[in-house]
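Engineer: starting from these lines, generate the structure:
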Amino acid sequence: MSVNRDSVREIIEAIGGKENINTATHCVTRLRLVLNDEGLVDKERLEDVDLVRGSFSTNGQFQIVIGQGTVDKVYKILAEETGVQEASKQDVKNAAADKMNPLQRAVKTLADIFIPILPAIVTAGLLMGINNILTQQGIFMDDQSVVEAFPQWADIAAIINLIANTAFVFLPGLIGWSALTRFGGSPLFGMVLGLMLVHPDLLNAWGYGSTEDVPTWNLLGLTVEKVGYQGQVLPILVASWVLAKIEIWLRKRIPDAFQLLTVAPISLLITGFLAFTLIGPVTFTIGGWLVDGVTGIFDAVPAIGGLIYGGLYAPLVITGMHHTFLAVDLQLIGSIGGTFLWPMVALSNVAQGAAAFAMMLVERNNEKVKGLAVSSGVSAWLGVTEPAMFGVNLRYRYPFVAAIIGSAIAGLIITLGDVIAPSIGVGGIPAFFSIPSEQWLIFAIGMAVALVVPFILTLVLSKFSKKK
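Structural biologist: Residues are numbered from 1 along each chain as shown. Presented below is the predicted three-dimensional model:
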């Protein structure tokens, strides 16, 4: 696709002119800008430009959705027109971080840690769903599972289960690797630290509550339980931060010739002792309080909990705070064997897609919006909602409200039905793979609500919108 230079100039003028651009880069589909004053952006004018499919602000960056392939050409012309220097994504992140408050920085830190490992978690959830289909009774036959009816499939299911469980069994290793990358340490040390916390010599955390005879170490008179931290999030997060700080401190003070022999052993020894004697026990307790608090709310008032979380998830995406709940999901899976929050996320994806599809009918005479509604709606139904939310629903507002209402009602239904996912999988319609088969019916009812209510409500609200 050829790019009209005048269209790029319109983009520059709509975002406040070249003087308003602090730093700029691009990814596969979007311009990613740090602006001096986002209040100068004329969003209506910007999104009327034929090249622009949507725009949104997140984590201090103003992002303009252009499209794969085209964005490279747009960025090249933008750089020529404004004189902005090519910046790396990290440069843009650093510039954006300077404009964040402490809460935004904390949320961004969690996002930077968990987003890189999300593909492994989602893949594991999808494979666990396939294993469930093969091993659960009543899906294809009333009193038998697939592997019971066809024993030759049993070992195949066992291998699938092993591959699926690996990411969860060694979750601290994945988090350690990603956290050390974020905190500026050596990712390999973070992986070693995480694997250390789930070493086979330790009592498995999932059996800790049912074991009366817990093995211990005697460390100079101090009794320390030999307990692993399988499925736990907080212990490895805090230990990784400590490890990174120790490593960075040592590298600044030890000559290069001796670093290989000293930095890793000292860093891991100190952090390892702290992890088992102080960090692990304290954060394990805090993690337990967190799980008890979340489950307590949903146990006491499940209807209100489902209604609020089902409705609030999409607004949380706008702020970026939804990334914090990934840590909560993983903590719930490690502590109680499943999460009741993630299924509501999947239905929120479906609701945003349904509202976007309704806009295809509302704006049937606007080819640009109609095309974006279709592509972004499909994307949302496959678990990626940002194009639908920022490109269509938030642009017109009432589809976003309709999607929130539909998602809230769907969340209420599946919460009352005690739907729980043993893993995080692919969002949207494929989420069925991550839901136990005995809960498919109630989950299907919730999904039907998430499909129908936002679609119809968007059409109804559009009539009132046009009258104003």
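
Engineer: how far away from the center of its chain is the strand or helix carrying Ala303?
Structural biologist: Take DSSP states H and E as the rule and Ala303 turns out to sit in helix 302-319. Computed by C-alpha atoms, centre = their mean, to the nearest Å, the separation of helix 302-319 from the middle of its chain amounts to 15 Å.

Engineer: check what pLDDT Phe400 gets.
Structural biologist: At Phe400, the model reports a pLDDT of 93.

Engineer: so which elements touch the helix holding Ala303?
Structural biologist: Contacting helix 302-319 under the criterion 3 or more C-beta pairs under 8 Å, 6 or more residues apart in numbering; DSSP states H and E are the following elements: strand 54-58, helix 280-300, helix 342-362, helix 398-416. In short, each C-beta sits where N, CA and C put it, glycine included.

Engineer: pick out the shakiest of these, pLDDT-wise.
Structural biologist: Among the helices and strands packed on helix 302-319, strand 54-58 scores lowest, with a mean of 77.

Engineer: after that one, next one along is what?
Structural biologist: Next helix or strand after strand 54-58 toward the C-terminus (DSSP H and E): strand 61-65.

Engineer: look up phi and psi at Met141.
Structural biologist: phi -130, psi 150 (degrees, to the nearest 10).

Engineer: re earlier: want to throw the helices and strands packed on helix 302-319 into CSV with distance to Thr70 and mean neighbour count?
Structural biologist: Listed next are these as CSV, based on distance: least, C-beta to C-beta, whole Å; neighbours: other C-beta atoms under 10 Å:
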stretch, distance to Thr70, mean neighbour count
strand 54-58, 14, 21
helix 280-300, 43, 15
helix 342-362, 21, 29
helix 398-416, 25, 25
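
Engineer: where in the chain is pLDDT low?
Structural biologist: 1, 28, 59, 68, 85-101, 103-104, 206-211, 319-320, 466-468 (pLDDT under 70).

Engineer: ok, which stretches of it are strands?
Structural biologist: 21-26, 30-35, 54-58, 61-65, 216-219, 222-225 (DSSP state E).

Engineer: and the angle for the third one with strand 30-35?
Structural biologist: Compare the direction of strand 54-58 with that of strand 30-35 by axes from the mean of the first three to the mean of the last three C-alpha atoms, to 10 degrees and you get 50 degrees.

Engineer: give me the residues contacting strand 54-58.
Structural biologist: 38, 41, 43, 46-47, 62-65, 318-320, 372, 376, 386-387, 389-392, 394-395 (C-beta atoms under 8 Å, 6 or more residues apart in numbering).

Engineer: show me what that strand pairs with in its sheet, parallel or antiparallel.
Structural biologist: strand 61-65 (antiparallel) (DSSP bridges).

Engineer: what does the second one give?
Structural biologist: Partner strands and pairing direction for strand 30-35 (DSSP bridges) are strand 21-26 (antiparallel), strand 61-65 (antiparallel).

Engineer: how far away from the center of its chain is that strand?
Structural biologist: Distance, centroid of strand 30-35 to centroid of chain: 21 Å (C-alpha atoms, centre = their mean).

Engineer: could you do the fifth one as well?
Structural biologist: Centre-to-centre, strand 216-219 and its host chain are 38 Å apart (C-alpha atoms, centre = their mean).

Engineer: in that strand, which residues are buried?
Structural biologist: For strand 216-219, the buried set under the neighbour-count rule, 16 or more other C-beta atoms under 10 Å, is empty.

Engineer: rewinding a little: let's have the helices and strands packed on helix 302-319 in a markdown table, adding distance to Ala448.
Structural biologist: As requested, these are exported to a markdown table (distance: least, C-beta to C-beta, whole Å):
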| stretch | distance to Ala448 |
| --- | --- |
| strand 54-58 | 28 |
| helix 280-300 | 22 |
| helix 342-362 | 9 |
| helix 398-416 | 8 |
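
Engineer: which residues touch Val71?
Structural biologist: Val71 sits in contact with 26-31, where contact means C-beta under 8 Å, 6+ apart.

Engineer: repeat the analysis, applying 10 Å as the threshold.
Structural biologist: 3, 26-32, 51, 64-65, 78 (C-beta atoms under 10 Å, 6 or more residues apart in numbering).

Engineer: neighbours of Lys368, how many?
Structural biologist: Residues contacting Lys368 under the criterion other C-beta atoms under 10 Å number 14.

Engineer: surely it is in contact with Met359?
Structural biologist: No. Between Lys368 and Met359 there is no contact under C-beta atoms under 10 Å: 11.6 Å.

Engineer: contact partners for the residue nearest the centre of the chain?
Structural biologist: A centroid search over the chain (C-alpha atoms, centre = their mean) returns His323, at 4.9 Å, as the residue closest to the centre. Counting by C-beta under 10 Å, 6+ apart, His323 makes contact with 59, 107-115, 118, 316-317.

Engineer: swap the cut-off to 7 Å and go again
Structural biologist: Applying C-beta atoms under 7 Å, 6 or more residues apart in numbering, we find His323 in contact with 107, 110-111, 114.
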